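>>> Generate a structure from the sequence data that follows.
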Amino acid sequence: MVVLAASICTKSGKPIISRQFREMPRSRIESLLTSFPKLIPVNSQHTSVETPDVRYVYQPLEDLYILLITNKASNILQDIDTLHLFARVVSDMCRSAEEKEIYRNSFELLGAFDEIVSLGYREQVNLMQIRSVLEMESHEEKIQEIIARNKEAEAKEELKRRAKQMEMQRREQTRRQQGGMSSNIGGGMSGYSSIPRFDIPVQEVSRAAPTTTVSATKAPAFKGSGMKLGKKTKQGDLLDALVNCWPTPTGDGTTEVNIEYELESDKLTLHDLTITIPLPDGFPTVGTHTGSYHIDSTSNALVWTVPLVSPSQAKSGSMEFTIEGEDTSAFFPVKVDFAAEGSLVGVGVDRVLRSDGEEEVIFSQDATCITEEYTIV
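Just a heads-up that it's a prediction; the model follows:
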């Protein structure tokens, strides 16, 4: 048998896909397909029709025809068997025998046609073998992909390790530098330095003394005035609450951002810690993280929230995410908000007496600290 072409066409002869197995001009195959519907006898039960030059072996496929064009010397029984295999392949690869579905799977169908017939001659294959060939994956290629992914992951982990090591060294250096500085209740200065990768001038943070509220009856928590936090650089240690943010370009057009916080004071409890990170265009892929997060579409920022940070719960946490773009300045300024419960300096009210000094008054006290403006620029 010699199969000249395998085609799927409409009932008017319009070709949807066609694969020629012998050298044949496009005009020739289009002419053969156009004349095919006119050759089909009315109410005929046959599945083949001949012309002086070729033979059509066909099968209805809902509103379409799948047909083989062979030479007249071809074995008709073998042609019919081959046609049935073509039809099974189409049914297996397409959800329905509709024109748009055929177009959608045209590339895979033509590949399968080539597995059935080569240079006009039928290959000894069945449907399972064709499916296996089309889905075949290279074992060596998969191994190389795994090796490449492992190397990429190791490189990222090494980059993180080095960045954290450098940040810890600079943090220790900052603490030693701050060891000689003193602060007074009611006013004082505190210094800090930037984290690795950013050479930004150190800015000063103004500190106001926390206000202790005293009342004759128990007052609800978080009332009274609080401490005001000034602007901060890439790393801040005011209130012994450190917030670090460092974006690292990966070299493939994306940036990996690591954010950490750590509460180092045993005197404070932070409520509703919220860290807002501006984002460049694109949607981040967030990895491991403490607490919860959401994307604020209005400001195009990632809002990271931890409900409670205390010495015994979520004392430290981190978040990692990756996003397209390599401009590290796009992730700043980072805004930090929280309400802190506790006394920063450990000062409290021991007892309350009436003005005449003769009777003690039952009282309660709440020491709170809130952020007015706390940014990492």
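>>> can you pull the buried residues of stretch 352-372?
Neighbour counts over stretch 352-372 (16 or more other C-beta atoms under 10 Å) mark D366, A367, T368, C369, I370, T371 as buried. (C-beta placed from N, C-alpha, C; glycine too.)
>>> any chance of those residues in TSV, plus secondary structure, pLDDT and distance to I40?
Formatted as TSV, those follow (DSSP: H, G, I helix; E, B strand; the rest coil; pLDDT from 0 to 100; distance: C-beta to C-beta, whole Å):
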residue	secondary structure	pLDDT	distance to I40
D366	strand	81	92
A367	strand	80	94
T368	strand	82	89
C369	strand	79	88
I370	strand	78	85
T371	coil	76	82
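>>> how about a markdown table for those residues, with distance to T47 added?
Output for these, formatted as a markdown table (distance: C-beta to C-beta, whole Å):
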| residue | distance to T47 |
| --- | --- |
| D366 | 91 |
| A367 | 92 |
| T368 | 88 |
| C369 | 87 |
| I370 | 84 |
| T371 | 81 |
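>>> quick one: which helix or strand includes K142?
helix 139-178 (DSSP states H and E).
>>> Check which helices and strands that helix is in contact with.
The contact analysis (3 or more C-beta pairs under 8 Å, 6 or more residues apart in numbering; DSSP states H and E) places helix 139-178 against strand 235-236, strand 241-249, strand 254-263.
>>> so how far is stretch 362-377 from its chain's centroid?
A distance of 36 Å separates the centroid of the chain from that of stretch 362-377, by C-alpha atoms, centre = their mean, to the nearest Å.
>>> Give me the buried positions along the helix holding K142.
In helix 139-178, counting by 16+ other C-beta under 10 Å, buried: A163, K164, E167, R170, R171, T174.
>>> And for stretch 16-31?
Result for stretch 16-31 [16+ other C-beta under 10 Å]: buried residues I16, I17, S18, R19, Q20, F21, I29.
>>> Next, the angle from the helix holding K142 to strand 241-249.
Relative orientation of helix 139-178 versus strand 241-249 (axes from the mean of the first three to the mean of the last three C-alpha atoms, to 10 degrees): 140 degrees.
>>> Now helix 139-178: average pLDDT?
Per-residue pLDDT over helix 139-178 has a mean of 82.
>>> How are the helices of the stretch 51-200 of the chain distributed by residue range?
Taking DSSP state H, counting those that start in this stretch to define them, one finds helices in the stretch 51-200 of the chain at 76-93, 99-104, 106-116, 127-135, 139-178.
>>> Mind putting these into TSV with distance to H271?
Converted to TSV, the helices of the stretch 51-200 of the chain look like this (distance: least, C-beta to C-beta, whole Å):
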stretch	distance to H271
helix 76-93	58
helix 99-104	54
helix 106-116	57
helix 127-135	55
helix 139-178	25
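>>> can you tell me which of the ones you listed comes nearest to V303?
helix 139-178 (23.4 Å; C-beta to C-beta).
>>> Dig out what the spatially most central residue of the chain forms beta bridges with.
The residue lying closest to the centre of the chain (C-alpha atoms, centre = their mean) is T285, at 3.2 Å. T285 has these beta-bridge partners by DSSP bridges: T322.
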